[in-house]
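A.B. asks: how would this look folded up:
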Amino acid sequence: MAAGVLLLVVPTAPAGAQQPDSTPKDTATLAPVVVTGVRLPTTGETARGLTGQSAVLDATALDARGVSTLADALEMLPGVTTADELGAPAQLDVTLRGFQVSPTIGLPQGITVYVDGVRVNEPDANEVNFDLLPLEDLERVEVSYGPSVLLGRNSLGAAVNLVTRRGRAPAVQEIELSGGSYGRYEVKANAGDRLGIWDYYVGVRYEHEDGWRQATMSRIGTLFAKLGLLAGGWNATLSYSGATNKIYQAGSLPDDVVDARPDSNFTGGDYFAPLAHQVTLNAQRALGSAQLSANVFGRRLDTDQFNVNATPPDSRQRNHERIGGGAVQLAGARPVGGRPLRWFAGLDAQYSHTVVGLYAVPTGGTDSLTDSVRTNELDLGAFAGVSWAFTPALEATLVGRYDYIRLPYEDLLDPSQSGLNVFRHVSPRVALSWTPVAGHEVYASLSGGFRTPALVEIACSDPTAACPLPFALGPDPALRPVIATTYELGWRHRPAGVGLALAADAYLTNVRDDIFFVAPTATTGYFQNIGSTRRSGFEASARWRSPAGLEFYANYGFTAATFQTSAVLATGRDPGNEAVVPGDRIPMIPAHRVNFGLSLPAPGDRMRLRLDARYVGSQYLRGDEANVERRLSDYAVLDASLDVEVGRYRVRVAVPNVLDRRYVTFGTFAANPTLAGDPVQRFLTPGFPRHVLVSLSAEF
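C.D. replies: Numbering: from 1, shown residues only. The predicted model follows:
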């Protein structure tokens, strides 16, 4: 990793499902709050900014649940569902308000993820590799529901910002050892302190697991370090994040195999092996009555993705990404009409050099390069906003953002097939917040967002030259960006002196030029803008904390994700294409989602029992956009844990899926080549069975 840091810093110093082939304490963080109107996490709340629904999960809440991935953390929020398409717990798909964020290349990514103000959606397909994120070293996770004008493209359903820790006095050193079912063991350690004007934080983690399904060993190693400075009016941090992982994936199984042997691996040998480095400099200082914030970053990622195909040859994808960029923001306030007008404005930029290579891997032979493409993408953005109270009870917010994206497509095997794609878009947000009575707030907003087509979508978008399935990369016409407009109305109640928070929110998101895989024939297809889709829903949350420390929370989310136009789409079902009509539901988005939890302290608060439950409604399988096949069954899962503190030591026993419920989280359709005639079957991914994890941690 040290070598990787040097390689990264020097050049940046100037600047699928396996088809055969959480600073409130604990659950209080689940209540909606006002999002700060800032682009960079180090800036204080000098502008109120974006009124709307959001959630904050702090380090205490994350640790109390024992989560190991961002998907695990987000699953306790309203309207969030996870699915295990790849058969790897570290690589779950996340759906929020009907939009996805996933490590699976090729899926439409409608949620952005940031770490300390740096976008971590990968430039090749806008996917997010959750296993690379420094979750163990976070101070908090901020989730802004709906399109995020400040954070730019892909923020259709939500934007997630991860804010990492920094050293504080007095010094703290902590080590945690854990072990559990299926050969799982983990070692984590961190240390931090503040020494005069300097502070530091270092965290390391190594996790190994044999996996509950066959041939699904994984190892994850991460390192995070941050150096901070408070001097001369500056508040600055320099951080490094690195990861080297190897995760074997099991994918989905024919439905009869899931019933008989859910621990099976239909095509053992699939794996994902990334090596990642990121260096980030964040700084802020006062400039008169305003506050200046800026960051500069560099990222390097090399990945090896191997896929065992049912019919040889196998395939491999190697990606090489070099990314650099930064952002600058100025925020402040001035009196207007006797009341403060809060304002902010800024610029951000990112340059991405990405090379993707696809290889055929014959049995006993050497890799053969079949496709090789490169892009040097330039992303530029400008944003500005104001927030002003007309009356003591009524406040208005207006924000706008302009994005320019230049995405050249270079075919390294045939330069004559190269092309250029340029996207420009203005995203607005208008919001009102009304406080008619102390403790009650009503808000309403209209906001816009967009996502640009991913490289894989651009490479297969020509209706006159449809790609064979599986599709290959090629120089096709540019797709139009996906445009989303969201209308939102919400209410929240926080009575003074009572540990109670209530909230409700309704939304409607109309999406224009959504991108799907269109199938003119059973064996070919291409990505195309199809017209319009819609996500609408309702979310409600409640939490309560008694003076004695008893805590309770409950969330409900209803989501209706539907097609609003007719189209012929690709499917794994015979005959290979299907007709959808307005009103058909988009697959893998359940209509109903409920989760609740209870935390019971013992006298003295040295022992605490936690129960967390979630219910996920039925959903259509991917490939059944026409809604003609049997849906995945709904399911409910209960997790339990017990924490005991003895002096400086803490023992935690966690039992996820304590009732050992058998359930399925993902489904699609594919041909099964192990049976005569290659019949098309339902392919499903089973949920994790009951397992046990015991950890011992100590602070020094």
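A.B. asks: Identify the spatial nearest neighbour of Pro547, chain neighbours not counted.
C.D. replies: Excluding its sequence neighbours, the residue lying closest to Pro547 (CB to CB, 6 or more residues apart in numbering) is Gly499, at 7.5 Å. C-beta coordinates here come from the backbone N, C-alpha and C atoms, glycine included.
A.B. asks: Relative to Leu550, how far out is the one you found?
C.D. replies: For Gly499, the distance to Leu550 under the criterion CB to CB, to the nearest Å works out to 9 Å.
A.B. asks: Now the common contact residues for those two.
C.D. replies: When contacts are counted by CB atoms under 8 Å, 6 or more residues apart in numbering, the set common to Gly499 and Leu550 is empty.
A.B. asks: If we go by neighbour counts, what in stretch 558-574 is buried?
C.D. replies: 558-564, 567-573 (16 or more other CB atoms under 10 Å).
A.B. asks: Name the nearest of the residues you listed relative to Gln291.
C.D. replies: Comparing the buried residues of stretch 558-574 against Gln291 with CB to CB places Thr559 closest, at 37.8 Å.
A.B. asks: Report whether the expected contact of the closest one with Gly98 is present.
C.D. replies: Yes - the pair Thr559 and Gly98 passes the contact test of CB atoms under 8 Å, sitting 5.2 Å apart.
A.B. asks: what sits in contact with each of those two?
C.D. replies: Shared contacts of Thr559 and Gly98, defined by CB under 8 Å, 6+ apart, are found at 535, 537, 589.
A.B. asks: Can you add distance to Thr104 and give those back as a markdown table?
C.D. replies: Output for the shared contacts of Thr559 and Gly98, formatted as a markdown table (distance: CB to CB, whole Å):
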| residue | distance to Thr104 |
| --- | --- |
| Arg535 | 20 |
| Gly537 | 23 |
| Ile589 | 15 |
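A.B. asks: Among those residues, which ones are in strands?
C.D. replies: The strands, defined by DSSP state E, take in 535, 537 from the shared contacts of Thr559 and Gly98.
A.B. asks: So what sits opposite Leu341 in the bridge?
C.D. replies: Per DSSP bridges, the residues bridged to Leu341 are Arg334, Trp388.
A.B. asks: got the contact list for it?
C.D. replies: When contacts are counted by CB under 8 Å, 6+ apart, Leu341 is found next to 333-335, 386-388.
A.B. asks: so which of the residues you listed comes closest to Ser218?
C.D. replies: Comparing the contacts of Leu341 against Ser218 with CB to CB places Ser387 closest, at 45.3 Å.
A.B. asks: Next, give phi and psi for Ala382.
C.D. replies: Phi and psi for Ala382, reported as degrees, to the nearest 10, are phi -140, psi 140.
A.B. asks: just Asp131 next, same as before
C.D. replies: Taking degrees, to the nearest 10, you get phi -70, psi -10 for the backbone angles of Asp131.
A.B. asks: Please name the residues that touch it.
C.D. replies: For Asp131, the residues meeting the contact criterion (CB under 8 Å, 6+ apart) are 69, 90-91, 103, 220, 243, 245, 247, 274.
A.B. asks: Weed out the non-buried ones from the residues you listed.
C.D. replies: Burial by neighbour count, 16+ other CB under 10 Å: within the contacts of Asp131 this picks out 69, 90-91, 103, 220, 243, 245, 247, 274.
A.B. asks: which of those lies closest to Ala327?
C.D. replies: Distance from Ala327 was checked for each of these by CB to CB. The minimum falls on Ala243, at 23.3 Å.
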